Structure formats: structure tokens, C-alpha cells
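S.K.: next comes the sequence, and after it the predicted model I'd like to discuss.
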Amino acid sequence: MLNKEHWELKHKNSEGKYNQVTDFARFCYYNFMKKKGKLLDLCSGKGADAIFFHNKGFKVTALDYSPEAIKQFNATQKRYDIFIASLVKDISETLPFEENAFDYCYIRLGLHYFTDDELRMIIPEMLRVIKPGGLLFCQVKSTSDKDFGHGKMLEKDMYEDETGYIRHFFSKDYADDVLEGFHIILNEERKIPSGSAYLEIVAEKK
């Protein structure tokens, strides 16, 4: 349930921002990514985490729904003289990759924009393109987040605020359920002083 106009405007208005590697990317790399390989970065935004993984020696492919985000990402690549494959793609559609194509799939703050029905189509696609034994890393908003329950309820644990911003909040049990087909290695909540709360999940393809 992505709003294309919302994201185009958000990325245009924040040009030059949100271009630093995230704590979640560092956490995944230093704790779980013991071997180099092919990494799929979904909902990659302006590509800060994709560039971090690229610089660590991974072969990265980045996808985002927003042409503006990919445009800024490619401008950054040109500035630093690097190349990372980047595509404009809605991940609720079939991913344009063969089965078992990637060692890792990384999606930070991307899954929680979709309905339950959409997630149950997206996650099997991620499972399909990850190699057996490969890892999925995802970070989503938790039901403990300060914004949980605010705005118009669209479905269970999914709300639209007064600006039209939609988020699906995850409980630990829901994450375990929707990630059926994966072996859950880590499913932990992280809270920060601002009141934001996230689930950080690492799962292995069985």
C-alpha cells in the first residue's frame, strides 16, 4: 500500500539527507555477515546502506519504489565513482530475479508499508530469491512504537495518520507468523529515547 506521490515528495524535499549508513546495517554486517556474497537491498531509498555493503565487498543490487530515490542514489554513485545495480521496482510485484540468486536479502523500514495480504505475497518472493542457508535481515516498526494506534485504522495493527502516512506495526508473534518458511535466528525489539520502537529480525532460509 505504497503512496508513490508521498515518497517522491519526501525524497525530493530531503535531498542531501538520509545518506549515512544506518546502525542496523552495521549491526547486520558485524554480527551475521561472515562471508561475502550477493546482497539484495529492497526499499533501498537513497542507497546509503547499499553503498556500505558494496564497500565491504558484497555484490549489491538495490531496488526502490521511488524514481527520485534511485535518481539521487545514482548521482551519489557517480560522485564516488562506484557502480551498484539499481532498479525502480514495487516489491509487491514479482521480483525480477531467478530462484536462489542471493546470499542475503536486506530490507530496512520497508515491509511495514504493506497490508497483511501484500506481505504474504512479498515474503515468499524474498524467500524464493534467497539461496538455501541465506539470510534475511529486516527492521520494522514495533507495536510498542509511540505512534502505534494513532490515526485511522486500516486493518489490524495498520494505521494511516493525518498526513496520509501509512504504517503496519509488527508484534513479535506476527513477525514469526508472516515469515513462515524462514528459520528465525533473531527477533528482538529495540527502543530509542524518542519513543520509536523497532523489531530487528534475522532469519535463515531453511
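M.R.: On my side now, so go ahead. Model, not experiment: these values are computed from the prediction. Numbering: from 1, shown residues only.

S.K.: centre of the chain to the longest strand anywhere in the chain, how far?
M.R.: Longest strand in the chain by number of residues (criterion: DSSP state E): strand 130-141. Put simply, strand 130-141 sits 10 Å off its chain's centre (CA atoms, centre = their mean, to the nearest Å).

S.K.: next one: stretch 193-206
M.R.: 11 Å.

S.K.: pull the next helix or strand after the longest strand of the chain out as PDB, backbone CA atoms only.
M.R.: Next in sequence after strand 130-141, counting helices and strands by DSSP states H and E, comes strand 152-155. Only the C-alpha atoms of strand 152-155 are listed here, as PDB (Å, rounded to 0.1, in the frame of the first residue of the first chain):
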ATOM      1  CA  LYS A 152      -7.300   5.800  11.100                       C
ATOM      2  CA  MET A 153      -7.100   2.000  11.500                       C
ATOM      3  CA  LEU A 154      -6.900   0.300   8.100                       C
ATOM      4  CA  GLU A 155      -6.600  -3.200   9.300                       C
END
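
S.K.: strand 152-155 pairs with which strands, parallel or anti?
M.R.: Here strand 152-155 is paired, per DSSP bridges, with strand 158-160 (antiparallel).

S.K.: please enumerate residues in contact with the partner strand?
M.R.: Where contact means CB atoms under 8 Å, 6 or more residues apart in numbering, the residues beyond strand 158-160 that reach it are 115-116, 147-154, 166-169. Heads up, the C-betas are built off the backbone N, CA and C, glycines and all.

S.K.: what subset of those is buried?
M.R.: 115, 148, 151, 166-169 (16 or more other CB atoms under 10 Å).

S.K.: quick one, helices of this structure?
M.R.: Using DSSP state H, the helices of the chain run over 4-13, 23-32, 48-55, 67-80, 116-129, 172-178.

S.K.: which residues of this protein score low on pLDDT?
M.R.: Residues of the chain meeting the criterion pLDDT under 70: 1-18.

S.K.: geometric centre of it: which residue is closest?
M.R.: Centroid check for the chain by CA atoms, centre = their mean gives Ile107 as the closest residue, at 2.2 Å.

S.K.: got the contact list for that residue?
M.R.: 41-43, 91, 126, 136-139.

S.K.: where does it sit relative to Phe24, distance-wise?
M.R.: The gap separating Ile107 from Phe24 is 10 Å, by CB to CB, to the nearest Å.

S.K.: what do those two both touch?
M.R.: With CB under 8 Å, 6+ apart, Ile107 and Phe24 have common neighbours 137, 139.

S.K.: what's the neighbour count on Ser92?
M.R.: For Ser92, the count of nearby residues is 17 (other CB atoms under 10 Å).

S.K.: now swap in Phe83 and tell me
M.R.: So Phe83, with other CB under 10 Å, has 11 neighbours.
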